[in-house]
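**Q** next come a sequence and a model predicted from it.
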Amino acid sequence: MPTDSAATGLVAEQGGPAPALDQLIANLRTGPGTDPRVAEQVAAAAGMWRRPVRIQVTGRAGAGKSTLLQALALISAEETTPVDEPGRPDPVLDADLLVYVLSSALQPGDRAVLARLPRDRTVVVLNKADAVGSRWGDAVAAVDQCAYEMGMATLPVVSELAVRTRSGTPSQEDLTILRRHAATTDPSFTLTAELFCSPDFGPDVADRETVLAHWGLFGVSTAMSALQRDPDLGPQTIRQILHAVSGIDAVHALLHRRYERSAERRGGEFLDELARLAARAGGPGAGRARDLIEDYLAGDEALWTGLRAGLACPEVVHLAAGYPSPYPADADDAIARAQRWRAVVSSDMPAAARRAALRAHNGYVRLFERMSSAGL
Ligand SMILES: Nc1nc2c(ncn2[C@@H]2O[C@H](COP(=O)(O)OP(=O)(O)OP(=O)(O)O)[C@@H](O)[C@H]2O)c(=O)[nH]1
Ligand SMILES: [Mg+2]
């Protein structure tokens, strides 16, 4: 929740506490004009909205699914069986969010699977980026090619190194061994594990095997480059460098954003379901359920949920990309945003986009009202 919104008490965190919703369910259960059947339907819909976002990590056999999961430490994510396995059906990929792991490059089998996956719910991770070409730029080029070809967000990562920096820091002994060789100018030294451990480079073969086992070839060569420039770098700094080059933080950040977006979209589906329940709850002899639900839908909490769902809608998400926060800075910002979304509502964009824009518009109008009356 943005801190500035706490003052107005307007904004319920997505999937977080929703006092007005809890009140609605309580009123439907026990208040005047009770309708327990509708109460249970609303409670079930709220449960669907609030359930954790499901993440599946998939890809071909040996792509690095387990290693990536370990590097991300996402408890709610599950690894699927491998895709594109001869004689075996592909796993059912139906999670809210899919992480597709590539092993160094896009293979024809990957293309066939990716082409069937929903673009707005899939993130592609090019793992083993250390094994692509001879430098990081080669991995970035492969990532760009995949993003362009498949039209999906793609990031490079070295999961194996990220797992190592998650669980430990280089020891002083590791660094002593690496410093000893930091002056080695032979460019082939860190090219392969065999060369790195070759007796040609001195008698400390066992030491080099140990440090290689701790940090892998990519970790060793990255740490050596850093130590060549500054032999005084300490264990924590080397760990930070290795963690940074693993690329895992960018994957984390993207997944976090997609995770939020998925929850926000489900908020929109929840409001749609409430509107359906309200429509069905009317008619002769009906209690007050319809009025209660409609009051809730017109309230601040539901308008904020709708605003977030509107901004997260795939058809308009690019239009909201410039917002530092979904929450406006002040009343002027709120009304400027409302006007901009109003223009989208009356544009010739597809119906889903205009519907999302209407939700954003209505939310910003309400925030404008609250912010201007609160004198903010
Ligand atoms: N060079 C390199 N190797 C990696 C990287 N990530 C994983 N590996 C290696 O790739 C192999 C397969 O990794 P896993 O994580 O078991 O792959 P997986 O997709 O879970 O494999 P299955 O579950 O058998 O389909 C292991 O030997 C890992 O050590 C990486 O970033 N770079
Ligand atoms: Mg595995």
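**A** Nice, I can see it. Ligands and ions are numbered 1, 2, ... in the order given.
**Q** surely residue 101 meets residue 62?
**A** No. The pair residue 101 / residue 62 is not scored as a contact, 9.8 Å apart, by Cβ atoms under 8 Å. No exception for glycine: its C-beta is placed from N, CA and C like everyone else's.
**Q** more neighbours: those two, which one.
**A** Between residue 101 and residue 62, residue 101 has the larger neighbour count (other Cβ atoms under 10 Å), namely 28 against 12.
**Q** can I assume the more buried one sits in a strand?
**A** Yes. Per DSSP: H, G, I helix; E, B strand; the rest coil, residue 101 lies within a strand segment.
**Q** do the helix or strand that contains residue 216 and ligand 1 meet?
**A** In the assignment (DSSP states H and E), residue 216 maps to helix 205-229. No. Helix 205-229 lies out of reach of ligand 1 by Cβ under 6 Å from any ligand atom, never closer than 6.6 Å.
**Q** what packs against that helix?
**A** helix 159-167, helix 172-181, helix 193-196, helix 235-246 (3 or more Cβ pairs under 8 Å, 6 or more residues apart in numbering; DSSP states H and E).
**Q** list the buried residues for it?
**A** Burial within helix 205-229, assessed by neighbour count using 16 or more other Cβ atoms under 10 Å, is assigned to 207-208, 210-212, 214-224, 226-227.
**Q** coming back round to it: how about the helices and strands packed on helix 205-229 in JSON lines, adding mean pLDDT?
**A** Formatted as JSON lines, these follow (pLDDT from 0 to 100):
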{"stretch": "helix 159-167", "mean pLDDT": "96"}
{"stretch": "helix 172-181", "mean pLDDT": "95"}
{"stretch": "helix 193-196", "mean pLDDT": "96"}
{"stretch": "helix 235-246", "mean pLDDT": "98"}
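**Q** who's in contact with residue 170?
**A** The contact partners of residue 170, by Cβ atoms under 8 Å, 6 or more residues apart in numbering, come to 178, 214-215, 223, 235, 238-239, 242.
**Q** before we move on, the earlier item: can you say which of the helices and strands packed on helix 205-229 is nearest to residue 135?
**A** Residue 135 lies closest, by Cβ to Cβ, to one member of the helices and strands packed on helix 205-229: helix 235-246, at 11.7 Å.
**Q** what residues does this structure have near ligand 1?
**A** 59, 61-67, 82, 127-128, 130-131, 158-160.
**Q** which ones among those residues lie within helices?
**A** 65-67, 159-160 (DSSP state H).
**Q** any low-confidence regions in the protein?
**A** Along the chain, the model assigns pLDDT under 70 to residues 1-16, 32-33, 283-286, 374-376.
**Q** quick one: buried residues of the top helix by length along it?
**A** When the chain is parsed with DSSP H, its longest helix is helix 248-280. With burial defined by 16+ other Cβ under 10 Å, the residues of helix 248-280 counted as buried are 248, 251-252, 254-255, 258-268, 270-271, 273-274, 277-278.
**Q** swap in stretch 304-322?
**A** For stretch 304-322, by 16+ other Cβ under 10 Å, it's 304-313, 315-317, 319-320.
**Q** and that stretch, end to end?
**A** Start-to-end span of stretch 304-322 (Cα to Cα, to the nearest Å) is 19 Å.
**Q** my guess is residue 164 meets residue 216, correct?
**A** Yes. Under the criterion of Cβ under 8 Å, residue 164 makes contact with residue 216 at 6.7 Å.
**Q** so what's the gap between the strand or helix carrying residue 155 and the chain middle?
**A** Taking DSSP H and E as the definition, residue 155 sits inside strand 154-156. Per Cα atoms, centre = their mean, to the nearest Å, the displacement of strand 154-156 from the mean C-alpha position of its chain is 13 Å.
**Q** other SSEs contacting it?
**A** Using 3+ Cβ pairs under 8 Å, 6+ apart, strand 154-156 sits against strand 122-127, helix 136-150, helix 248-280.
**Q** switch to 6 Å and redo it
**A** strand 122-127, helix 136-150 (3 or more Cβ pairs under 6 Å, 6 or more residues apart in numbering; DSSP states H and E).
**Q** skipping its backbone neighbours, what lies nearest residue 186 in space?
**A** Nearest non-adjacent residue to residue 186, counting by Cβ to Cβ, 6 or more residues apart in numbering: residue 201, 7.7 Å away.
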